[in-house]
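A.B. asks: mind folding the following:
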Amino acid sequence: MSHRLQVLVPESLDRRVGKAAQRSRQSKGAWVRQALERALSEDRPADALDRLASLGGPTGDIDQVLAEIEAGRG
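C.D. replies: Now for the predicted structure:
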């Protein structure tokens, strides 16, 4: 099922999208859908919280984490 997405863009961007769509012989809608698919499927790093979680750093109660850090310094 398709859903309508309305996005307001500056006139200059609309012209650029229109020209790009013409060059690829597509409608603006088809070109934008394809551009969104490309942008979302690229091998991009996860968001910042996912990247941080992947580091395997200490997590938990802050007092416990700080105590463990201090114990490691002794």
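A.B. asks: for the lowest-mean-pLDDT helix or strand in the chain, packing partners?
C.D. replies: Ranking every helix and strand in the chain by mean pLDDT, DSSP states H and E puts helix 48-54 at the bottom, with a mean of 79. On a contact count with 3 or more C-beta pairs under 8 Å, 6 or more residues apart in numbering; DSSP states H and E, helix 48-54 meets no helix or strand. Bear in mind the C-beta positions are built from the backbone N, C-alpha and C, glycine included.
A.B. asks: downstream of that helix, the next helix or strand is which one?
C.D. replies: Next along the chain after helix 48-54, taking DSSP states H and E as the criterion, comes helix 62-73.
A.B. asks: in PDB, list the C-alpha atoms belonging to that next one.
C.D. replies: Included here for helix 62-73 are C-alpha records, laid out as PDB according to Å, rounded to 0.1, in the frame of the first residue of the first chain:
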ATOM      1  CA  ILE A  62      26.500   5.200  37.500                       C
ATOM      2  CA  ASP A  63      27.700   4.800  41.100                       C
ATOM      3  CA  GLN A  64      28.700   1.200  40.500                       C
ATOM      4  CA  VAL A  65      30.500   2.100  37.200                       C
ATOM      5  CA  LEU A  66      32.400   4.900  38.900                       C
ATOM      6  CA  ALA A  67      33.400   2.600  41.800                       C
ATOM      7  CA  GLU A  68      34.600   0.000  39.300                       C
ATOM      8  CA  ILE A  69      36.700   2.600  37.500                       C
ATOM      9  CA  GLU A  70      38.200   3.800  40.800                       C
ATOM     10  CA  ALA A  71      38.900   0.200  41.800                       C
ATOM     11  CA  GLY A  72      40.700  -0.400  38.500                       C
ATOM     12  CA  ARG A  73      43.000   2.600  39.200                       C
END
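A.B. asks: fine by me, we can end here.
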